[in-house]
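*Asks:* Can you look at this prediction? I've put the sequence above it.
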Amino acid sequence: MRPLRSVHFGKRFSKPGTAPGTLTAPSERRVESVSITVMDFDAESLQERTVSTVDEAVAACRPSGVTWIDVVGLHDVDVVRQLGEHFRLHPLALEDVLSVGQRPKADEYENHYFIVMRLFHVVADGLESEQLSLFLGDNYVITFQELPEDVFDGVRDRLRHARGRIRSMGADYLAYALIDSQVDHFFPVIEKLGERIEDLEDEVMTDPQRDTVEQIHAIRKDLLMLRRAAWPQREVLAAMERFESARIGKETRVFLRDAYDHAVQIMDMVETYRDLASGLLEIYLSSVSNRMNEVMKVLTVMATIFIPITFLAGVYGMNFKHMPELAWPWAYPAFWGVSVLTTLGLLWYFKRKDWL
């Protein structure tokens, strides 16, 4: 197993002294070009199209019904600015859209609700994170994403086939459906981390390698990043459920309660896996210590066996003239006989004591 790479969090700070509301593109360009998708619907009809400019997106919006504008890619500041001007989005909220290291939060402005969440994607060597920004107005929802790999295909499918109540509800229910998809996407991500922890458990118990501790630290870092997103996300959903707002109906708040329950479950799972990952490090250290003890035991047994033989060799290796045994014809066989018997006796004793 290769070490997992770090979770990606973009830099969120602007140059010190920058005026509030200044729009600056993120330092990393994560898509080649910005794409804009518009879904305009009511209970009877749905219009879906992909447009290339903000003017086309605005022209696709009907006065009645609900409009969802999904923007993928944040490096084109003009797209963000033009959408903000048309829908009268607050400059501070637009600035937060481009500051991609935001903590999950929910802010209410005069004519819209602004919500920031985080999306995590499982990639070949770890996790990848992106910021999801959502504006909720009276009859529109605007989402900004960094990457094209979103989690909203289920919502799009429900809109296209008029499944459930999503086409007959307002913009607040659409916002709930998008947030619920984002929250539920945490579960497969956490399950993938759980599988990696189980693999590491087997490796730690059977054959810990030098890079095992690096993988454990990578898992712990991933879980820490998930916790940084899951903890404030739970607070955001709790606030949206309790807060009395004209843009979030009473019926939608009931569904938000269900999303909040899922967020609580996610937090519990993250904390559980964090404990398991911390335990893995202790098990690794114990396994390494046990292996070292086994090596030291073998070396100690070998040294103990050779101590009496070394003593005999040292005694009869001295250059004294008058050593009675040196003139004895059976001295050499006797030396080896004593050495072999001593070795066998020590081995029998160690075996009896379960030291071998």
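*Replies:* That came in fine, so what should we check first?
*Asks:* Please name every helix or strand in contact with the helix or strand containing Pro333.
*Replies:* Secondary structure from DSSP states H and E places Pro333 in helix 331-352. Helices and strands in packing contact with helix 331-352 are listed as helix 250-316; criterion 3 or more C-beta pairs under 8 Å, 6 or more residues apart in numbering; DSSP states H and E. All C-beta spots, glycine's among them, are computed from the backbone N, C-alpha and C.
*Asks:* What distance do you get for the residue nearest to the spatial centre of the chain to Leu147?
*Replies:* Central residue of the chain (C-alpha atoms, centre = their mean): Asp222, 3.5 Å from the mean position. Computed with C-beta to C-beta, to the nearest Å, the distance linking Asp222 and Leu147 is 18 Å.
*Asks:* Please apply the same query to Pro63.
*Replies:* Using C-beta to C-beta, we find Pro63 at a distance of 32 Å from Leu147.
*Asks:* gap between the closest residue to Val189 other than its chain neighbours and Phe187?
*Replies:* If the residues on either side of it in the chain are set aside, Val189 comes closest to Phe120, at 4.8 Å by C-beta to C-beta, 6 or more residues apart in numbering. Phe120 sits 11 Å away from Phe187, going by C-beta to C-beta.
*Asks:* what does Arg253 give?
*Replies:* Looking at Arg253 against Phe187, where the rule is C-beta to C-beta, the gap reads 23 Å.
*Asks:* Which of those two has more residues huddled nearby?
*Replies:* Arg253 (18 against 13; other C-beta atoms under 10 Å).
*Asks:* check contacts around the more buried one.
*Replies:* Met240, Glu241 (C-beta atoms under 8 Å, 6 or more residues apart in numbering).
*Asks:* again, but for Gln131
*Replies:* Gln131 is in contact with Gly10, Val100, Gly101, Gln102, Val116, Met117, Arg118, Leu119, Phe144, Gln145, Glu146, counting by C-beta under 8 Å, 6+ apart.
*Asks:* Could you rerun that using 7 Å?
*Replies:* The neighbourhood of Gln131, defined by C-beta atoms under 7 Å, 6 or more residues apart in numbering, consists of Val100, Gln102, Val116, Arg118, Glu146.
*Asks:* For the stretch 1-150 of the chain, which segments count as strands?
*Replies:* Read by DSSP state E, counting those that start in this stretch, the stretch 1-150 of the chain holds these strands, from start to end of the chain: 35-41, 46-51, 66-72, 105-108, 113-123, 126-136, 140-145.
*Asks:* closest one to Gly249 among the ones you listed?
*Replies:* For the strands of the stretch 1-150 of the chain, distance to Gly249 was read as C-beta to C-beta. The smallest value, 11.5 Å, belongs to strand 126-136.
*Asks:* Let me know the angle separating that closest one from strand 113-123.
*Replies:* Comparing the axes of strand 126-136 and strand 113-123 via axes from the mean of the first three to the mean of the last three C-alpha atoms, to 10 degrees yields an angle of 160 degrees.
*Asks:* How far off centre is strand 126-136?
*Replies:* Once both centres are worked out by C-alpha atoms, centre = their mean, to the nearest Å, strand 126-136 turns out to sit 13 Å from its chain's centre.
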